[in-house]
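**Q** Return a 3D structure for these sequence lines:
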Amino acid sequence: MTAPEWLDVRSEPSAPEFDGLAPGSTVEWLAIVTNTAAERASLALTVIGDDTPLTGIDGLQLEIESCPGDWISSPEQRGPYSCTGDTSTVRALSAVGGDEAIPLPDIGSGETREYLARATLPADTGNDLQAQDGQIRLNFTSTMGTDGPDIPDTGADLGLLLILAVLAVAAGLTLRTLRVPHRRGSRPPARG
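**A** Residues are numbered from 1 along each chain as shown. So this is what the prediction gives:
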């Protein structure tokens, strides 16, 4: 799968180096996504890995993190990257791959996001993975437009609104019960 035409996706470094990866070693790279469209778009990520022991349950451990600022690294090294703000883990995987798309926040027109991928070979890995190879791909998908109206987020909590609605109905029922019923056949007093 390739990214939609309005998403510009690139990797930094363009080809992360996994050669000579020893137990306990980590490789980091950035996936940089830019929305080139004139409108907001949804964004999702699928991690795709070959079906090999290297990407299986006892192989590479993959973590993907987002940063509200920029990821920075010295030009001489390929990581470790550090975030200029607080990071949040998008997904941590003990086995690479799967068909499940990871929903990400919508990406605005002209907006660029950087996601850090960190692959670690566990320190207790034996020789079973020696000379194994495999591929890891981060596949970004996106859609534009919605079937419904664009409703802004007002910050209102739906749970609170539901509680208020239940209280209003209960108050109405209480008032109805307390109302004095008219007797049949009697007339209301004449005004005059």
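**Q** any idea how far residue 64 is from residue 144?
**A** Shown here: residue 64 relative to residue 144, a distance of 23 Å by CB to CB, to the nearest Å. Glycine gets a C-beta too; all of them are placed from N, C-alpha and C.
**Q** Settle it for me: which of these two has more neighbours?
**A** Higher neighbour count among residue 64 and residue 144: residue 64, with 20 against 15, using other CB atoms under 10 Å.
**Q** quick one, phi/psi of that one?
**A** With angles defined as degrees, to the nearest 10, residue 64 sits at phi -120, psi 130.
**Q** Who is it paired with across the strands?
**A** residue 91, residue 117 (DSSP bridges).
**Q** residues touching it, list them.
**A** Applying CB atoms under 8 Å, 6 or more residues apart in numbering to residue 64 gives the contacts 45, 47, 89-92, 102, 115-118, 138.
**Q** In JSON lines: those, plus pLDDT.
**A** Listed next are the contacts of residue 64 as JSON lines, based on pLDDT from 0 to 100:
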{"residue": "45", "pLDDT": "91"}
{"residue": "47", "pLDDT": "87"}
{"residue": "89", "pLDDT": "88"}
{"residue": "90", "pLDDT": "88"}
{"residue": "91", "pLDDT": "83"}
{"residue": "92", "pLDDT": "82"}
{"residue": "102", "pLDDT": "88"}
{"residue": "115", "pLDDT": "93"}
{"residue": "116", "pLDDT": "92"}
{"residue": "117", "pLDDT": "91"}
{"residue": "118", "pLDDT": "90"}
{"residue": "138", "pLDDT": "88"}
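**Q** need those residues in CSV with neighbour count and distance to residue 30, can you?
**A** Formatted as CSV, the contacts of residue 64 follow (neighbours: other CB atoms under 10 Å; distance: CB to CB, whole Å):
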residue, neighbour count, distance to residue 30
45, 20, 13
47, 23, 15
89, 11, 15
90, 17, 13
91, 16, 16
92, 11, 17
102, 15, 17
115, 21, 7
116, 23, 6
117, 21, 8
118, 19, 10
138, 18, 10
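**Q** which one of those is nearest residue 22?
**A** residue 118 (15.8 Å; CB to CB).
**Q** Surely the closest one touches residue 65?
**A** Yes - assessed by CB atoms under 8 Å, residue 118 is found in contact with residue 65 at 7.2 Å.
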